[in-house]
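Trainee: Okay, structure incoming, though there's no sequence with it:
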C-alpha cells in the first residue's frame, strides 16, 4: 500500500466510529486502526490481538478478537491458531459488531500447548494472519519482563555489527525465557517505518523471540512533524496509547508528541488528552503494580507527580536510573553504539518489584549480554541430536531454558536431555520440540544435550540396530574414499579420518550396548556418531558440487579467481578448526565451510558475471603495475570491491567497479572478435558439459536443500 493510500484511509477513519469496548484492552484513540495492515494486506484486518499487542491467556480461556472489515465480504467467520506447524480450528461462539469493529469470541482448548501462536481469521475467501499474536500459558508467582529499546534495525543495518549484537541479545532473551518483552521505540532508523523495514525487522528479530512483545513507537518510528508515522501504525501497532494487564501488573504505553525547537532539535511532551488517559488508567485500576512505557526518558519528569510504580524508556542509548519526585522509578535501557548492555531483566512479585538491575544496590546497569556466549551444534538441520553450549560470564546465575528442534522419529522412541530437565514436549508430524530447563551458575560453562533416538520398544531397538549398521557402512565408505590416492579430498583426509574413526568407535560401542540391553547408552552413542559423520557427508557433498559449479563456469570462459577464494576459505577453516558441528551452519552470512560453499551453489548469473569482471580487472591491474603504470588507487578500489563481493553486497561492489571503469577505462580493453567467436563455441560445448556434470551421481547422498542468498539479486 502506498503512503498516499494509507493517508487516505487514515482520513476515512475519522468518519468511522470505532469502538474497542468489548476487547480486553484500553486504547485512547483508534485514529490509526483503519490504516493497519500488519504484514498481510487484505480487505480484513485483525486489530486485536496483534504482533505488537498480543493476548496472554491460560488454556481454556475465552479469546476475544477484534476485526476490521474494509468492505462487505460474504461467508462465515472462521478462526484458527497455529504453533510450530500445528493448526487448531476454534469454533466462533459469538459475533458482535460495535461501532465499526467486529468482535469474535472463541475458546482456547484446555489441552493447548504453552507457547506463541499465530492467529488467522477468515471470512469466506478473505483472511488475515497475525504472527505471534497469542501467548498461551499459566501465570506464575513471579513475572519476568525483558526491556529492550532503540534497535535501529533498518534495511542498511541487517549485516552490520549492530545487527549482530541485537540478534545475539535475542538469543540471550530466549535463554532467559521471560514472560513478556517490551520494546520502547526506534525499532528502525526511519522515518517513516517503511513496509520492507518493518517486514525485515519482524522476520529477523520479532519472529525469533519466544515471548510476547509489546511495542511503543519512538521518534524514528513515527511522529516527526513532517511525517504522521503511518508506516509504524500501518505495520507494527495502530494504537498510539494503550493499556493492558499482564499478571500482577497494569501496563500503560504512551506515544508522546514531538516538536521542533531552536536549532533543529526535537522536544517531546505528552498532550493533555494523553495525561487524562494516564490518570484515568492509574485511578481506575486496583492493581498494586503499574508500569508506564514511552520512548524519550525526559518525558518522565513531566508525569512524576502521577502515582505509578515504574517507567521504562529509551532514546538516550545509555543505561540510566532515576528516582522520581513521587517515588516512582525510571529505568532507561542502553543500546548500541554507546553500550552493548542492551537488555534489562525485571522481575515482579505480586505486590513489588523484586529486581530490575544487573548490580544489586545500583539500579542503572543492564545485563551485559556480550558476557553470555551461546553455541548450538549443529545450528540448523538437526536430526536426532543437538548440543547447546553456554558460557555464562555474568556474576549472577540464570534460570535458563532452551527449545531443541529435532526430526520426529515416529512412535517407539523417547527423548533424553543430558545436563538439564525436560520441561515440555510438542510434536508435529515433521518436528519435535523439546524444552529443557537448567540452572546456569555465575561464571560457568554448561553443556546441554538433547537426543530423541532412545528406543522405547523392542521394535525401536531393532530399528536402531539397523540404523547403526547402515551408519557404520557409510562411515567405512567415507573413510575408504578419503584414504584413496586419487581422492580429491587428500588435503582433508588426515583430519577427517580421525573424526570418522571416532564415529566408527561410537557406532561399535552402540552395537555392544544394544547387545547388553542398555538402550539409552546405545541411543546416545549412535546420536553422537551421526553428529560427526553426517556433517562430513554434507561438507564433502557441498565442496564437490561447488567445485563442479566452478569448473562449469571456467569452461564457459569465466574468470573464477574471486570464487576460488571461497573454496580456499572453506579448506582453511576446516584445517584450522576441524569439522566441529558449528562449522556446518548453513546460514549464508556465516563464514563457515558450508556457508562458503552454499554461496557458490546459490550464485545467480549476474553474480558470476560480476565475479568474472572483478577477476579480469585484477589481471589487468597486475599487468599495468608490472609495466610501471600508476594504477595504485584502482588497485585499492578493487580490493574494496572484492571485499564487498565476499560480504554479499553485490550492488556496492558493482558501484566500486564502475568507479574504476570511469577513472581507468584503459583497464577494461574490449575482447577481440576472435575471442568472442571462441566464447560462443565454448558456450555450446559447455552446455553439454553442464548437463553431463549435473546428471552425475555423487558418491555422497544429496542432502543440500534449496536456499537463497538474497544479496545476489541486485
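Mentor: Yes, it's here. Not measured: the values here are computed from a predicted model.
Trainee: and residue 469, what does it touch?
Mentor: residue 511 (C-beta atoms under 8 Å, 6 or more residues apart in numbering). Where C-beta positions appear, they are placed from N, C-alpha and C, glycine not excepted.
Trainee: and residue 269, what are its bridge partners?
Mentor: residue 257 (DSSP bridges).
Trainee: and it, how many neighbours?
Mentor: 14 (other C-beta atoms under 10 Å).
Trainee: pLDDT averaged over stretch 308-327, what's the number?
Mentor: Averaging pLDDT along stretch 308-327 yields 92.
Trainee: Show me what counts as buried in it.
Mentor: 308-322, 324 (16 or more other C-beta atoms under 10 Å).
Trainee: Which single one of the residues you listed is nearest to residue 393?
Mentor: Within these, distances to residue 393 taken as C-beta to C-beta reach their minimum at residue 319, with 17.7 Å.
Trainee: How about that closest one: what's its closest non-neighbour residue?
Mentor: Spatial nearest neighbour of residue 319, excluding adjacent residues (C-beta to C-beta, 6 or more residues apart in numbering): residue 334 at 4.2 Å.
Trainee: quick one: the one you found and residue 368 touch, right?
Mentor: No: contact criterion C-beta atoms under 8 Å: residue 334 and residue 368 do not qualify, at 9.9 Å.
Trainee: So those two - more neighbours on which side?
Mentor: Set residue 334 next to residue 368 and count neighbours by other C-beta under 10 Å: residue 334 wins out with 24 against 19.
Trainee: Need phi/psi at the more buried one.
Mentor: Here the main-chain torsion angles of residue 334 (degrees, to the nearest 10) amount to phi -80, psi 170.
Trainee: OK, contacts around the residue nearest to residue 319?
Mentor: So residue 334 contacts 316, 317, 318, 319, 341, 342, 366 (C-beta under 8 Å, 6+ apart).
Trainee: separation between it and residue 215?
Mentor: 19 Å (C-beta to C-beta, to the nearest Å).
Trainee: Give me the nearest residue to residue 645, chain neighbours excluded.
Mentor: Of all residues not flanking residue 645 in the chain, residue 653 sits nearest, at 4.2 Å (C-beta to C-beta, 6+ apart).
Trainee: Assign residue 482 to helix, strand or coil.
Mentor: The local conformation at residue 482, judged by DSSP: H, G, I helix; E, B strand; the rest coil, is helix.
Trainee: before we move on, what about residue 461?
Mentor: What three-state DSSP gives for residue 461 is helix.
Trainee: nearest residue to it other than its sequence neighbours?
Mentor: Distance criterion C-beta to C-beta, 6+ apart; nearest residue to residue 461, sequence neighbours excluded, is residue 455 at 4.1 Å.
Trainee: count of neighbours near the one you found?
Mentor: Residue 455: 22 surrounding residues under other C-beta under 10 Å.
Trainee: Repeat that for residue 106.
Mentor: Close neighbours of residue 106, defined as other C-beta under 10 Å, add up to 20.
Trainee: and what of residue 438?
Mentor: Residue 438 is flanked by 20 other residues according to other C-beta under 10 Å.
Trainee: likewise the one 4 residues further on?
Mentor: The burial metric for residue 442, expressed as a neighbour count using other C-beta under 10 Å, is 11.
Trainee: Return the set of buried residues in stretch 632-641.
Mentor: 634, 637, 638, 641.
Trainee: Could you do stretch 289-304 as well?
Mentor: When burial is assessed from 16+ other C-beta under 10 Å, stretch 289-304 yields the following buried residues: 289-300, 303-304.
Trainee: And the next helix or strand past the worst-scoring helix or strand of the chain on mean pLDDT?
Mentor: Least confident helix or strand, the chain: helix 3-13 with a mean of 35, by mean pLDDT, DSSP states H and E. Using DSSP states H and E, the next helix or strand after helix 3-13 towards the C-terminus is strand 26-27.
Trainee: Describe which strands that next one pairs with in its sheet and in which direction.
Mentor: strand 242-246 (antiparallel).
Trainee: Contacts for the partner strand next, please.
Mentor: By C-beta under 8 Å, 6+ apart, the surrounding residues in contact with strand 242-246 are 24-28, 53, 56, 143, 179-180, 214, 250-253, 281, 285, 287.
Trainee: re the thing from before, which residues do residue 334 and residue 368 both contact?
Mentor: Shared contacts of residue 334 and residue 368, defined by C-beta under 8 Å, 6+ apart, comprise residue 341.
Trainee: right, and residue 111 touches residue 59 too?
Mentor: Yes: contact criterion C-beta under 8 Å: residue 111 and residue 59 qualify, at 6.8 Å.
Trainee: what about the two, which has more around it?
Mentor: Applying other C-beta under 10 Å to residue 111 and residue 59 shows that residue 59 carries more neighbours, namely 15 against 8.
Trainee: related to what we said a few turns ago, pLDDT value on the residue nearest to residue 645, please?
Mentor: 86.
Trainee: Tally up the residues packed near it, please.
Mentor: Here the count is done by other C-beta under 10 Å, and residue 653 has 27 residues near it.
Trainee: pretty sure it is touching residue 617, no?
Mentor: No: counting by C-beta under 8 Å, residue 653 does not reach residue 617; the two are 11.4 Å apart.
Trainee: all helices of the stretch 51-200 of the chain, in order?
Mentor: Per DSSP state H, counting those that start in this stretch, the stretch 51-200 of the chain carries helices over the ranges 161-176, 195-204.
Trainee: per-stretch mean pLDDT over these, give me the minimum one.
Mentor: helix 195-204 (a mean of 68).
Trainee: Beta-bridge partners for residue 98, please?
Mentor: For residue 98, the beta-bridge partners under DSSP bridges are residue 101.
Trainee: Could you measure from it over to residue 201?
Mentor: To residue 201, residue 98 is 33 Å away according to C-beta to C-beta.
Trainee: wait, doesn't residue 660 sit right on residue 617?
Mentor: Yes: using C-beta under 8 Å, residue 660 is in contact with residue 617, at 6.8 Å.
Trainee: overlap in contacts of the two?
Mentor: In terms of C-beta under 8 Å, 6+ apart, residue 660 and residue 617 are both contacted by the residues 638, 667.
Trainee: All the strands of the stretch 101-250 of the chain, in order from the start?
Mentor: Secondary structure of the stretch 101-250 of the chain (DSSP state E, counting those that start in this stretch): strands located at 101-107, 115-123, 126-136, 143-148, 180-184, 213-216, 242-246, 249-253.
Trainee: which residues sit in contact with the closest residue in space to residue 144 that isn't next to it in sequence?
Mentor: Distances taken as C-beta to C-beta, 6+ apart place residue 178 nearest to residue 144, at 4.3 Å, with adjacent residues excluded. When contacts are counted by C-beta under 8 Å, 6+ apart, residue 178 touches 144, 145, 146, 211, 345.
Trainee: do the same with residue 133
Mentor: Counted by C-beta under 8 Å, 6+ apart, residue 133 has contacts 46, 49, 50, 51, 54, 55, 117, 118, 119.
Trainee: The residue nearest to residue 333 when sequence neighbours are not counted sits in which helix or strand?
Mentor: Sequence neighbours aside, residue 344 is the residue nearest to residue 333 in space, at 4.4 Å (criterion: C-beta to C-beta, 6+ apart). Using DSSP H and E, residue 344 sits within strand 344-348.
Trainee: Figure out how far that strand is from the centre of its chain.
Mentor: For strand 344-348, the separation from the chain centroid amounts to 23 Å (computed by C-alpha atoms, centre = their mean, to the nearest Å).
Trainee: Who are the packing partners of it?
Mentor: Contacts defined by 3 or more C-beta pairs under 8 Å, 6 or more residues apart in numbering; DSSP states H and E place strand 344-348 against strand 143-148, strand 353-355.
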